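**Q** What follows is a protein structure lacking sequence information:
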């Protein structure tokens, strides 16, 4: 189960890192009727969060296999 969670976090982090606009569409677009795309600040913060999630997912997968 932990492996599945780590893979999910890794995939979520990669989406946030590579395509922050998709993440904005999923998470934030319904909140604003006027905005058609995320701000530059949102993109930068989302990419940083994606990097953290990706590294966390990789670390979790490595830990899963090393601690078995």
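**A** Happy to help now that I have it. It should be emphasised that the depicted structure is a prediction, and the values quoted were computed from it without experimental measurement.

**Q** Check the offset of the helix or strand containing residue 23 from the chain's centre.
**A** Using DSSP states H and E, residue 23 sits within helix 20-27. Its chain's C-alpha centre and that of helix 20-27 lie 10 Å apart, by Cα atoms, centre = their mean, to the nearest Å.

**Q** what's that helix in contact with?
**A** For helix 20-27, the surrounding residues in contact (Cβ atoms under 8 Å, 6 or more residues apart in numbering) are 15, 16, 37, 38, 42, 43, 46, 47, 50. Yep, even glycine has a C-beta here, placed from its N, CA and C like the rest.

**Q** Return the angle between stretch directions for the longest helix seen in the chain and helix 20-27.
**A** Assignment by DSSP state H gives helix 40-66 as the longest helix of the chain. Interaxial angle, helix 40-66 versus helix 20-27 (axes from the mean of the first three to the mean of the last three Cα atoms, to 10 degrees): 90 degrees.

**Q** What ranges in the protein fall below the confidence cut-off?
**A** The model of the chain has no residue with pLDDT under 70.

**Q** Now do the spatially most central residue of the chain against residue 52, distance only.
**A** Most central in the chain under Cα atoms, centre = their mean is residue 13, positioned 2.8 Å from the mean C-alpha point. Separation of residue 13 from residue 52 (Cβ to Cβ, to the nearest Å): 7 Å.

**Q** try residue 14
**A** According to Cβ to Cβ, residue 14 stands 12 Å off from residue 52.

**Q** and if you look at residue 2?
**A** Residue 2 is 18 Å from residue 52, where distance means Cβ to Cβ.
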